[in-house]
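1. predicted model and sequence follow; I will ask about them next.
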Amino acid sequence: DQSYLWMSSLPLSVMGEELNKCWETGIQKSWILNVGDIKPEEGEMDYFIRCGWDVDKYTNDSMGFSSEWMRRNFGNQINEETSKEVADILNTFYQHTNVRKVDHMRLDIFEQTQYNEWDKRMEVYQNLFERAQKVAASLSSNGARTAFYELVQCKINWAYYTNKAFYYADKSNLAYDQGRMASADAFSKLSIEAEKERKSEISYYSKIAGGKWDNFIDPENHAPPVITQLPATNPALILGDAEMGVIVQGESMPTAAESEIKFSRYNQSGKFIDIFNKGASKFNWTAVSDKNWLTLSVKSGTVKDEE
């Protein structure tokens with residue numbers, strides 16, 4: 001079930017390095033590239049072909065290629081600053097999506113309770129999503145915006161919504177295990193919404209440019225499917241009365257004993273305390289510090305799901 005057919009997430013720098021090895025070891029007459037869904041991989045295909053013509057030019061400058069490729073395709077629609085911005089968007093996309101390919105997403109891959117691995121990953125994808133939207137909005141013609149979507153923005157959006165669906169599914173399942181039932185329900189709904197957005201993006205791709213790419217890309221219709229479908233969550237079937245629960249950073253489950261937060265000069269300067277609702281409705285809370293060196297970012301509030 002590990003097909004790799006939906007989108008290319010192989011960093012251009014890795015492709016360049018491997019092609020350079022081919023050239024240096026005497027494999028110089030014939031290179032073969034399996035492109036797959038052509039349009040979103042046009043940049044990668046172009047890079048491969050140009051390395052075949054001049055293997056040294058872009059070997060250590062994949063971002064330079066991406067910037068040049070954008071200017072070559074969009075002409076006066078895009079300036080040098082924006083082309084470099086797109087190159088950085090693509091480079092960051094390759095780096096993070098190659099860590100865990102969108103086609104191979106699973107639950108419980110990224111850590112949630114110690115080093116906020118999932119939160120940091122989603123911050124990157126949120127940033128990429130917003131930056132790609134900004135670039136698209138800066139293009140002056142519908143044709144240029146359509147081309148940018150086909151070549152760049154579609155895969156940023158697909159990766160964003162796929163990661164978002166699994167991010168909230170993992171948060172829902174952890175919340176359920178910890179007894180944070182209101183949060184489990186809320187995160188489950190957010191996961192479902194992200195999955196719907198992913199499907200909507202794929203459908204939109206089939207309709208753009210007069211339906212030119214209709215049914216070219218549908219990661220759910222291969223055998224086996226190239227991507228896990230809606231990730232499983234654990235919504236609470238019944239919510240009782242509002243009741244406060246507390247869990248601190250570093251704990252995977254609430255503890256009946258007093259929780260302990262450890263600070264170190266060598267890692268995070270801040271730690272979180274999660275105040276959550278075990279039931280429905282809402283409650284008020286206050287917090288105080290008995291250490292003069294410890295500053296609370298928030299000292300009171302009202303919780304419906306969690307803070």
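-> Noted; the coordinates are in hand.
2. and F93, that's in a helix?
-> Yes. Counting by DSSP: H, G, I helix; E, B strand; the rest coil, F93 is located in a helix.
3. and it, how far from E42?
-> Using C-beta to C-beta, to the nearest Å, we find F93 at a distance of 15 Å from E42. Any C-beta I mention is one placed from the backbone N, CA and C, and that applies to glycine too.
4. between those two, which has more neighbouring residues?
-> Set F93 next to E42 and count neighbours by other C-beta atoms under 10 Å: F93 wins out with 22 against 18.
5. okay, the more buried one: pLDDT?
-> At F93, the predicted lDDT confidence score is 96.
6. excluding covalently adjacent residues, which one is nearest to K164?
-> In space, and not counting its chain neighbours, K164 is closest to A194: 3.9 Å by C-beta to C-beta, 6 or more residues apart in numbering.
7. over to Q133?
-> Q153 is the one closest to Q133 (C-beta to C-beta, 6+ apart), at 7.6 Å.
8. quick check: the one you found vs K134, distance?
-> Applying C-beta to C-beta to Q153 and K134 gives a distance of 11 Å.
9. same check, this time on D103
-> As for D103, its distance to K134 is 27 Å (criterion: C-beta to C-beta).
10. quick check, N98 in contact with S9.
-> Yes. In this structure, N98 sits in contact with S9. The criterion is C-beta atoms under 8 Å, and the distance is 5.1 Å.
11. so which of the two has more stuff around it?
-> S9 (21 against 13).
12. what pLDDT does the residue nearest to K164 get?
-> According to the per-residue confidence, A194 scores 96 in pLDDT.
13. also H222?
-> pLDDT for H222: 62.
14. what does R121 give?
-> According to the prediction, R121 has pLDDT 95.
15. quick one: it and N163 touch, right?
-> Yes. Here R121 lies in contact with N163, judged by C-beta under 8 Å, at a distance of 6.7 Å.
16. more crowded one of these two?
-> Neighbour count, other C-beta under 10 Å: between R121 and N163, N163 has more, with 25 against 19.
17. what sits against that one?
-> The contact partners of N163, taken as C-beta atoms under 8 Å, 6 or more residues apart in numbering, are V102, M105, R121, M122, Y125.
18. how about TSV for those residues, with secondary structure added?
-> What follows is those, written out as TSV (three-state DSSP):
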residue	secondary structure
V102	helix
M105	coil
R121	helix
M122	helix
Y125	helix
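19. K207: which of the residues you listed is nearest?
-> Proximity of the contacts of N163 to K207 (C-beta to C-beta) peaks at V102, which lies at 21.2 Å.
20. how far away is that closest one from G179?
-> Separation of V102 from G179 (C-beta to C-beta): 32 Å.
21. more crowded one of the two?
-> Taking V102 and G179 together and counting by other C-beta under 10 Å, V102 has the greater number of neighbours (22 against 18).
22. test my guess that S83 contacts R72.
-> No. Taking contacts as C-beta under 8 Å, S83 lies outside contact range of R72: 9.3 Å.
23. ok, these two, which is more surrounded?
-> Set side by side, S83 and R72 show more neighbours around S83, with 20 against 10, by other C-beta under 10 Å.
24. any idea how far the helix or strand where that one lies is from the middle of the chain?
-> Taking DSSP states H and E as the definition, one finds S83 inside helix 80-99. Its chain's average C-alpha position is 13 Å from that of helix 80-99, according to C-alpha atoms, centre = their mean, to the nearest Å.
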